[in-house]
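>>> Compute the structure for the input listed below.
(chains A, B, C and D)
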There are 2 protein chains.
Amino acid sequence: MQEFSEVQILIVDDERDIREPLGQYLRSKGFRVQLAANAVEARKAIAESAIGLVVLDVMMPGEDGLSLCRWLVANEGPPVILLTAMGDDTDRIVGLEIGADDYLAKPFNPRELQARIRAVLRRVPPPVHTISNSLRRFAGWTHDPSSRELRHTDGRQVELTTAENRLLEVLLDHPRKVLSRSSLLDLTAGREAKAYDRAIDNQISRLRRKIELDPQHPVLLVTDWGGGYALAADVEADDTTET
Amino acid sequence: MQEFSEVQILIVDDERDIREPLGQYLRSKGFRVQLAANAVEARKAIAESAIGLVVLDVMMPGEDGLSLCRWLVANEGPPVILLTAMGDDTDRIVGLEIGADDYLAKPFNPRELQARIRAVLRRVPPPVHTISNSLRRFAGWTHDPSSRELRHTDGRQVELTTAENRLLEVLLDHPRKVLSRSSLLDLTAGREAKAYDRAIDNQISRLRRKIELDPQHPVLLVTDWGGGYALAADVEADDTTET
DNA sequence: TCCCCGTTGATACAATTTGCGACAAACTCC
DNA sequence: GGAGTTTGTCGCAAATTGTATCAACGGGGA
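Numbering: from 1, shown residues only, chains lettered A, B, ... in the order given. Just a heads-up that it's a prediction; the model follows:
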């Protein structure tokens, strides 16, 4: 089962009588919670904290919930669950169409909100990996990301450059998954691919020369023709205490 | 704007009066749609087509919707939208807790279902191809999907291309079953056959040249005249521990 | 049995996509 | 500022895949 306690939930509702008890309830269920009474406070909280999900009332004085929701979706912010007035089909449909992840009609059952929060968190991709210095093993290799070093059980040892190390880390984060050039570029360099961008091809090629036994017939870094590249190996954390 | 027309939606409902008009409606909105009247048909459709999302009625004779939903979630199947009876809080909450992506209470507004489908598709990560790691044996061959390599007990060894590998995997998933060109295309490339589409014929032909002793008289990849192709061999998992 | 016509097999071909050497730009470390 | 590394871009050959074409094939009906 997944761990939700790390996730921070932001509740945006102008009515204190809803906002605060709801916050208490979710805290009692193990979530970290922040509160905001309007769109301005909400933007502030999102800018300053790592908010993982927003519970957002549609009907608010000032900037309304739909507007804030639109902004969040456009800026790839956290997922949103809308709270709408009972029986207001229009708001719900509009909310979903502009990209809200879910909605709930007021008055609602708190347990149902909790279930919806869990459902949304389950399907939202986990946040991009943070810098880790934990060793990982795959296909006989042990990777030390901090020293950018790779050691094989057969004695081979390889130094990686910054970019190669970054690429390998991303692949290790997604073992056996085909990653498109564009994802890889985004995850390694944080930039968009331009037309005819072959930077990734090159890095893959260089990495292959270092870790493949026979770079002509890659077994670890495989090409998915028309798709991208994948690491064809299982990855496990290495917990041996090292210096 | 994202493109949904590629996605295939499976509607599972025992009542024809709901299933069929709903299918028509979604087709008119540009989705590809398949229909199933019960869990058995649904599993069949999922096994044989690239289903991107399932709209699933909870209340069905035989295996019920929640059970099928549980199975889909456990097997990392497509996302699920549940159709529940009006006002049945329990079903909805249970549905979300076991991992459904959304639900809708019957009777519902088709436009709202469409909005929910789009919302779910928007947040479900685009399907990523995964590189399987399970060795399988058939007719003397051992297939390693990671390295896309095929070894025969008599010493022959063959490298497969991405598309050939995918085609073989699909055939190995359905040993001794005739698969239509359209199913094969759907399962390998995830696309629909256009008129006079011979892409599969070609891939079969190429695969034959690699694995048949006498490609002129195929024994493993047999043609079902007017039907499709089938793998004429039994398949077993190979559990030998390899490096 | 023979013939007709849609289906399949094989080859050739065209369009993409990928691998990689070479070079230039950018960056590091003195 | 300069030498050595690292990384991105370019270009071409090779590989992969889909499409077109035509011959061979299968099967149902006369």
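>>> Doesn't A:L35 lie inside a strand?
Yes. Remark: A:L35 belongs to a strand, assigned using DSSP: H, G, I helix; E, B strand; the rest coil.
>>> what does chain A put close to DNA strand C?
With C-beta under 7 Å from any atom of the strand as the criterion, chain A meets DNA strand C at residues A:181, A:198, A:201-202, A:204-205, A:208, A:215-216, A:218, A:223-228. C-beta: built from backbone N, CA, C; applies to glycine.
>>> now do 6 Å
Proximity of chain A to DNA strand C (C-beta under 6 Å from any atom of the strand) is limited to residues A:198, A:201-202, A:204-205, A:208, A:215-216, A:223, A:225-226.
>>> Make a PyMOL selection of the buried ones in those residues.
Buried residues within those, by 16 or more other C-beta atoms under 10 Å in any protein chain shown, are selected in PyMOL with:
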select buried, chain A and resi 204+208+223
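>>> Which ones among the residues of chain A next to DNA strand C map onto strands?
Of those, the ones assigned to strands by DSSP state E are A:T223.
>>> May I see the residues of chain A next to DNA strand C arranged in CSV, with distance to A:D14 and pLDDT as well?
Output for the residues of chain A next to DNA strand C, formatted as CSV (distance: C-beta to C-beta, whole Å; pLDDT from 0 to 100):
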residue, distance to A:D14, pLDDT
A:R198, 52, 95
A:D201, 52, 97
A:N202, 54, 96
A:I204, 52, 97
A:S205, 56, 97
A:R208, 57, 97
A:P215, 62, 91
A:Q216, 65, 92
A:T223, 54, 97
A:W225, 54, 97
A:G226, 50, 95
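>>> which of the residues of chain A next to DNA strand C lies closest to A:D238?
Of all the residues of chain A next to DNA strand C, A:D238 sits closest to A:R208, with 22.7 Å by C-beta to C-beta.
>>> give the contact list for the closest one.
A:R208 sits next to A:215, A:218, A:220-221 when contact means C-beta atoms under 8 Å, 6 or more residues apart in numbering or on different chains.
>>> my guess is A:L213 contacts A:V219, does it?
Yes. Using C-beta atoms under 8 Å, A:L213 is in contact with A:V219, at 7.4 Å.
>>> Same drill for the two, tell me which one is more crowded.
When A:L213 and A:V219 are compared for neighbours, A:V219 comes out ahead with 18 against 11, by other C-beta atoms under 10 Å in any protein chain shown.
>>> For the more buried one, which non-adjacent residue is closest in space?
Nearest residue to A:V219, sequence neighbours excluded (C-beta to C-beta, 6 or more residues apart in numbering or on different chains): B:S147, at 4.4 Å.
>>> Tell me the pLDDT of that neighbour.
Note for B:S147: predicted pLDDT of 93.
>>> Might you report the residue contacts of it?
A:219, A:222, A:232.
>>> now, which of those residues sits nearest DNA strand C?
Using C-beta to the nearest atom of the strand, A:V222 is the member of these that lies nearest DNA strand C, at 8.2 Å.
>>> Tell me how far the closest one lies from B:L150.
Distance of A:V222 to B:L150, given as C-beta to C-beta, to the nearest Å: 15 Å.
>>> likewise A:A37?
Remark: distance between A:A37 and B:L150 (C-beta to C-beta) = 64 Å.
>>> between these two, who's got more neighbours?
Legend: neighbour count by other C-beta under 10 Å for A:A37 and B:L150, higher for B:L150 (22 against 18).
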